[in-house]
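K.L.:
have a look at this fold, sequence not included:
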């Protein structure tokens with residue numbers, strides 16, 4: 001079996017040996033859980049509970065407020081004590097429902113009840129996925145019910161499980177492929193039941209041979225499912241790369257995977273679909289990797305949404321005696337540094353990474369030496385050197401002309417830069433600025449259109465009165 005890959009990319013230190021060989025543990029939450037209403041891309045959910053309400057485990061506490069939005073359910077039973085803005089690990093604040101945990105974990109009626117998805121219609125399955133509040137748990141947080149409801153479902157010919165897990169140190173998806181393989185495959189079959197013309201592909205990097213072997217064995221008699229072995233390289237697990245190496249099709253920033261006939265979900269998202277559809281269990285938990293050279297006991301843990309990062313770290317054994325130089329939410333390539341652990345676990349919280357050395361702080365950036373390494377590794381075939389120059393001049397038009405909006409901030413260019421330039425940070429700021437300008441223009445155009453309509457209506461009414 002040949003190895004599939006893409007042009008560009010890099011080979012950072014993997015660090016997966018710290019946690020990959022140990023079974024998933026479980027961490028119980030503390031007395032207070034904080035449920036952000038913004039755990040996904042799109043509009044925040046709207047709280048449907050009030051202070052003083054008693055809630056049950058699995059109960060809806062935040063309702064999707066738009067097409068691109070997602071429900072939020074409580075992972076515990078208890079009493080709503082506050083609804084207020086709270087700090088998130090990203091550094092932003094969001095409206096949150098705070099629940100006092102009664103430690104009884106009283107479930108809603110029917111929670112965990114098994115059902116036969118084959119007896120359900122496609123619309124019923126999509127409705128269950130929507131009600132369960134499932135989003136992409138690989139980091140993006142895109143509402144899954146929107147993803148599995150494309151405009152032309154007959155054009156979907158690939159449903160891909162992204163099992164690459166290319167981000168260094170993270171091993172939660174790997175452990176789930178080993179510990180819940182049958183359920184993962186059944187989750188894929190649930191999604192395949194929505195698309196009559198699709199085949200299923202489980203794409204896994206070749207540094208996970210045990211997972212490849214197990215899933216290949218379990219699917220060898222299923223003609224609709226294939227396990228595809230990928231070359232270990234970062235960012236092999238990026239959506240565009242996983243689609244390219246699986247189908248040969250190229251995706252750019254203005255397209256969705258469905259536009260090229262693909263549905264892509266990561267391992268935890270597919271298992272969340274299985275839990276919701278087959279086990280009547282909405283999205284309430286995820287597996288996180290607690291790892292790094294400064295972590296006392298690196299391991300993966302099943303945690304409930306709303307639990308504090310600080311509580312999770314303490315329950316997992318904390319840090320080594322010498323402490324950590326840096327804590328990151330997520331992996332070292334695309335994660336964000338954490339300055340406050342008193343923030344809640346959300347659907348997209350993949351890891352707490354404790355590093356014993358802060359390489360970013362230890363290396364001051366110098367002038368670009370025009371070596372071209374950034375361009376050679378960029379998986380989007382961009383020219384980061386020129387994009388950075390445009391960004392430093394705050395020339396957003398030039399940034400866009402250089403296709404800067406195609407960048408998805410994988411960090412590969414920053415990783416290989418010998419001058420230690422903060423390329424990815426520059427691109428992130430530029431992209432945010434461009435999107436803010438676009439939103440402003442759209443709002444101004446909408447306001448202008450509305451004013452013209454009101455003016456026309458007034459003139460028409462005047463003519464009628466005359």
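P.N.:
Structure received. None of these values were measured; they are calculated from a predicted model. Numbering: from 1, shown residues only.

K.L.:
wait, residue 59 touches residue 108, no?
P.N.:
Yes: the criterion here is C-beta atoms under 8 Å, and residue 59 meets it with residue 108 at 5.3 Å. The C-beta positions use only the backbone N, C-alpha and C, and glycine is treated the same way.

K.L.:
where does pLDDT dip in the stretch 201-350 of the chain?
P.N.:
For the stretch 201-350 of the chain, not a single residue meets the criterion pLDDT under 70.

K.L.:
quick one, helices of it?
P.N.:
If DSSP state H, counting those that start in this stretch is used as the criterion, the helices of the stretch 201-350 of the chain fall at 209-219, 239-247, 267-279, 309-315.

K.L.:
just how off-centre is the third one within its chain?
P.N.:
Using C-alpha atoms, centre = their mean, to the nearest Å, the mean C-alpha position of helix 267-279 is found 15 Å from that of the whole chain.

K.L.:
can you classify the spatially most central residue of the chain by secondary structure?
P.N.:
In the chain, the C-alpha closest to the average C-alpha coordinate belongs to residue 139, at a distance of 1.9 Å (C-alpha atoms, centre = their mean). Of the three states, residue 139 takes coil according to DSSP: H, G, I helix; E, B strand; the rest coil.

K.L.:
next, count neighbours for the nearest residue to it once chain neighbours are set aside.
P.N.:
Ranked by C-beta to C-beta, 6 or more residues apart in numbering and with sequence neighbours excluded, the top spatial neighbour of residue 139 is residue 348, at 5.6 Å. Residue neighbour count, defined by other C-beta atoms under 10 Å, stands at 21 for residue 348.

K.L.:
kindly report the same for the one 5 residues further on.
P.N.:
A count of neighbours around residue 353, defined by other C-beta under 10 Å, yields 29.

K.L.:
same question, residue 137
P.N.:
Taking other C-beta under 10 Å as the criterion, the count of residues near residue 137 is 27.

K.L.:
now residue 41
P.N.:
Residues lying near residue 41 (other C-beta under 10 Å) number 16.

K.L.:
residue 382 versus that one, what's the distance?
P.N.:
Using C-beta to C-beta, to the nearest Å, one gets 23 Å for the distance from residue 41 to residue 382.

K.L.:
now do residue 229
P.N.:
Taking C-beta to C-beta as the measure, residue 229 falls 28 Å from residue 382.

K.L.:
need the contact list for the residue nearest to the centre of the chain.
P.N.:
Taking C-beta atoms under 8 Å, 6 or more residues apart in numbering as the criterion, residue 139 is in contact with 330, 334, 348, 350.

K.L.:
one more: residue 39?
P.N.:
Shown in contact with residue 39 (C-beta under 8 Å, 6+ apart): 45, 70, 72, 135, 141, 305, 346, 347, 348.

K.L.:
pick out whichever of residue 59 and residue 108 has more residues nearby.
P.N.:
Between residue 59 and residue 108, counted using other C-beta under 10 Å, residue 59 has the larger neighbour count: 21 against 17.

K.L.:
quick one, phi/psi of the more buried one?
P.N.:
phi -80, psi 140 (degrees, to the nearest 10).

K.L.:
now swap in residue 188 and tell me
P.N.:
Recorded main-chain torsions at residue 188 are phi -60, psi -40, according to degrees, to the nearest 10.

K.L.:
where does it land on pLDDT?
P.N.:
Residue-level confidence at residue 188 comes out at 98, pLDDT.

K.L.:
out of the contacts of residue 39, the closest to residue 202 would be?
P.N.:
Comparing the contacts of residue 39 against residue 202 with C-beta to C-beta picks out residue 135 as the nearest, at 20.5 Å.

K.L.:
quick check: phi and psi on that closest one?
P.N.:
Summarising the backbone geometry of residue 135 under the convention degrees, to the nearest 10, its torsions are phi -130, psi 170.
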